[in-house]
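>>> Requesting a structural model of the entry that follows:
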Amino acid sequence: MIVSMIQLIFEIPDVDNIKEKRRIIRSIKDKLQRRFHMSAAEVDLQDSLSFAQIGGALVSNSKTFGESVLHKAFEMIEREIPVRIQDISIYSEEF
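The predicted structure is shown next:
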């Protein structure tokens, strides 16, 4: 079993309150779960108004497949969500 993981740290520009930030985070998590059938959660920076960190995971039988899906998920975030990516890491582990 291969678990492929992604971690994104991004800046959310022009956010005035925590409610607005939560709406954007929820939108990202929902899209990742719906389109790519992966688990996603806000894993850190919950107290920051303008920064967020999301982690996601996908279980498959192939490292190549898992990481390609995560790269597609990252490209979707870049295209569709108005955030500035600060850091991204994608990696896989075999269990």
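>>> Helices of the chain, start to end?
Here the chain has its helices, by DSSP state H, at 18-36, 63-80.
>>> any chance of these in a markdown table, plus mean pLDDT and mean neighbour count?
C-beta: built from backbone N, CA, C; applies to glycine. Shown next, in a markdown table, are these (pLDDT from 0 to 100; neighbours: other Cβ atoms under 10 Å):
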| stretch | mean pLDDT | mean neighbour count |
| --- | --- | --- |
| helix 18-36 | 91 | 15 |
| helix 63-80 | 92 | 16 |
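>>> Format these as TSV; extra columns: distance to residue 5.
Below are the helices of the chain laid out as TSV (distance: least, Cβ to Cβ, whole Å):
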stretch	distance to residue 5
helix 18-36	12
helix 63-80	8
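>>> mind checking which of those is nearest residue 6?
Closest to residue 6 of those, according to Cβ to Cβ: helix 63-80, at 4.4 Å.
>>> Can you list the neighbours in contact with that closest one?
2-6, 8, 10, 28, 31-32, 35-36, 38, 56, 58-60, 83, 85, 88, 90-92, 94 (Cβ atoms under 8 Å, 6 or more residues apart in numbering).
>>> Which among those residues count as buried?
2-6, 8, 10, 28, 31-32, 36, 38, 56, 58, 60, 83, 90, 92 (16 or more other Cβ atoms under 10 Å).
>>> quick one, what contacts residue 49?
Contacts of residue 49 (Cβ under 8 Å, 6+ apart): 15, 17, 18, 21.
>>> Relative to residue 18, how far out is it?
6 Å (Cβ to Cβ, to the nearest Å).
>>> what's the answer for residue 51, then?
12 Å.
>>> same deal with residue 46?
Noted for residue 46: a distance of 9 Å to residue 18, by Cβ to Cβ.
>>> center of this protein - which residue?
Residue closest to the average C-alpha location in the chain (Cα atoms, centre = their mean): residue 54, at 4.6 Å.
>>> from what I can see it touches residue 27, true?
No - judged on Cβ atoms under 8 Å, residue 54 makes no contact with residue 27 at a distance of 11.2 Å.
>>> circling back: among the buried ones among the contacts of helix 63-80, name the ones in strands.
Among the buried ones among the contacts of helix 63-80, DSSP state E puts 2, 3, 4, 5, 6, 8, 10, 56, 58, 60, 90, 92 in strands.
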